[in-house]
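*Asks:* give me the fold of what follows.
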Amino acid sequence: DSIPWLKQFLERTDVPLEIAEDLPHQNHVVVCGYGQVGRNIVQLLREHNYPVIVIDQSEQRIQEVREAGIPYIYGNAASLHVLEKAGVETAQGMAIALPDPMSTRLCLKRSLELTPDLDVVVRANQDKDIELLYQLGAREVVQSEFEASLELSAHLLTGIGLPLPVIQREVQRIRNSHYLDLRSERPSYQVARELKEAAQEMNSRWYPLPSNSPLLGMTLEETNLRRLTGVSLMAIRRDSGEEVDYPDSRTVLQTGDRLLVVGEPDELAAFDGLAQGEAAVPTENASCQWILVPDHSPVVGKTLAELHIRRQFGVLVQAIRREGKFISFPNGASDLQTGDRLLLCGGFYSLSQASRWIAPPNSASLIQIPIAKVSVSEPMREYLPPDIA
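*Replies:* Okay, here's the model as predicted:
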């Protein structure tokens, strides 16, 4: 469950205190935190003429950014409102280099609520945070001490004659393994305790997987939980008593599993619908795709009942993401707005046609997001066209 003092703290720090006038609006990089690491990232990006926006809540650091002529937002990087003002939805990527673990986790989680496929690289404050940040959706997690070790070792190995390609392969292998070769092995009970403590700081719950769930027998990669519902799966407790902390993409869901999931209440509700078989889930027969509604789209200002998207194209609007909110199975009275992200589910051809109509090909707002193949549960069949059902 969420923590009352945390909710009150976030409400007090939710609104940007100051916004620069010259913010870039698309294809920029958002840098959260302007300490030494953030400052170096910004310098390198600007040297290569990449547009950046800095988010920081230190008045002194914002003054430095202001004097340097760097676009900025003075506010809490874990706030949805601040992240929206930074244009996270149209950014090319994000770097998170915040000073404390809690802000780092919330910033990552909420950025991916707004843009599920955002390329986010995160600095881990401690080595125990590495797996947690990957599980929350970070594309890359960097730990300063391990990176220093790799660079020093690479220099020494080069000096004693080891071929550079061999060194580069070994360094990349260690990074790909999340620095496992460099991390001291910790007892499983300690990993589990730290995981539970971190989950308690966010909105989390243990969810018993229904015995007839369509997710049973699927790998986590196949379920695509984060993209379809917004939740992050942190741990699995098997019927046998075994606990799998930080399960990887190859982990298969089994009968009797209890899942520790993290997400906002509406995301948890969407996950419940997916697990209960009330929503489309990944397989070979159909697909789901997120589409961004551009400002000139013919759907803007109209309700789903007026648009008849299912009747026209044979696809279902399964969810709407709006300002960080996840609206699962919107009703016919729901009106569509510029910036909405629609989760459309249907046949491949039907999806293509609907996508081109909602976000015409000449629109820069069409999101190129990998589609998730889906199967159809029995409660859904009456809503879907013959090529799926």
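*Asks:* residue 158 and residue 170: what is the separation?
*Replies:* 12 Å (CB to CB, to the nearest Å). For every residue, glycine as well, the C-beta is placed using N, CA and C.
*Asks:* oh, I was asking about residue 332
*Replies:* Taking CB to CB, one finds residue 332 at 58 Å from residue 170.
*Asks:* that older thread, give me the more crowded residue out of residue 158 and residue 170.
*Replies:* residue 170 (16 against 12; other CB atoms under 10 Å).
*Asks:* enumerate every residue touching the more buried one.
*Replies:* By CB atoms under 8 Å, 6 or more residues apart in numbering, no residues touch residue 170.
*Asks:* and it, what element?
*Replies:* helix 164-176 (DSSP states H and E).
*Asks:* and that helix, C-alpha only, in CSV?
*Replies:* Taking Å, rounded to 0.1, in the frame of the first residue of the first chain, the C-alpha atoms of helix 164-176 are listed here in CSV:
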residue,chain,number,x,y,z
LEU,A,164,41.4,-3.8,-27.5
PRO,A,165,38.5,-5.8,-29.1
VAL,A,166,38.9,-8.5,-26.4
ILE,A,167,38.8,-5.9,-23.6
GLN,A,168,35.8,-4.2,-25.1
ARG,A,169,33.9,-7.4,-25.3
GLU,A,170,34.7,-8.3,-21.7
VAL,A,171,33.7,-4.9,-20.4
GLN,A,172,30.4,-5.0,-22.4
ARG,A,173,29.7,-8.6,-21.1
ILE,A,174,30.1,-7.3,-17.5
ARG,A,175,27.8,-4.4,-18.2
ASN,A,176,25.2,-6.7,-19.9
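*Asks:* what's the first helix or strand after it?
*Replies:* helix 188-200.
*Asks:* domain ranges for this structure?
*Replies:* Here the domain parsing of the chain from automatic domain parsing is 4-138, 202-276, 281-381.
*Asks:* any chance of TSV for those domains, columns mean neighbour count?
*Replies:* Output for those, formatted as TSV (neighbours: other CB atoms under 10 Å):
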stretch	mean neighbour count
domain 4-138	19
domain 202-276	18
domain 281-381	18
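*Asks:* and these as a markdown table, adding distance to residue 175 and mean pLDDT?
*Replies:* Formatted as a markdown table, the domains of the chain follow (distance: least, CB to CB, whole Å; pLDDT from 0 to 100):
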| stretch | distance to residue 175 | mean pLDDT |
| --- | --- | --- |
| domain 4-138 | 11 | 89 |
| domain 202-276 | 16 | 89 |
| domain 281-381 | 23 | 76 |
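*Asks:* just put those in a markdown table and tack on distance to residue 183.
*Replies:* Formatted as a markdown table, these follow (distance: least, CB to CB, whole Å):
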| stretch | distance to residue 183 |
| --- | --- |
| domain 4-138 | 5 |
| domain 202-276 | 13 |
| domain 281-381 | 31 |
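*Asks:* so which of these comes closest to residue 180?
*Replies:* Residue 180 sits nearest to domain 4-138 of all those, at 9.2 Å, using CB to CB.
*Asks:* got the CA positions of the helix or strand residue 106 falls within in PDB?
*Replies:* Residue 106 belongs to helix 101-114 when assigned by DSSP H and E. Presented in PDB, the C-alpha positions along helix 101-114 are these (Å, rounded to 0.1, in the frame of the first residue of the first chain):
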ATOM      1  CA  PRO A 101      17.200   6.200  -4.200                       C
ATOM      2  CA  MET A 102      13.600   7.100  -3.500                       C
ATOM      3  CA  SER A 103      13.500  10.000  -5.900                       C
ATOM      4  CA  THR A 104      15.300   8.000  -8.500                       C
ATOM      5  CA  ARG A 105      12.800   5.100  -8.400                       C
ATOM      6  CA  LEU A 106       9.700   7.500  -8.500                       C
ATOM      7  CA  CYS A 107      11.200   9.500 -11.300                       C
ATOM      8  CA  LEU A 108      11.800   6.400 -13.400                       C
ATOM      9  CA  LYS A 109       8.400   4.800 -12.600                       C
ATOM     10  CA  ARG A 110       6.500   8.000 -13.400                       C
ATOM     11  CA  SER A 111       8.500   8.800 -16.600                       C
ATOM     12  CA  LEU A 112       7.600   5.300 -17.900                       C
ATOM     13  CA  GLU A 113       3.900   5.900 -16.900                       C
ATOM     14  CA  LEU A 114       3.900   8.800 -19.400                       C
END
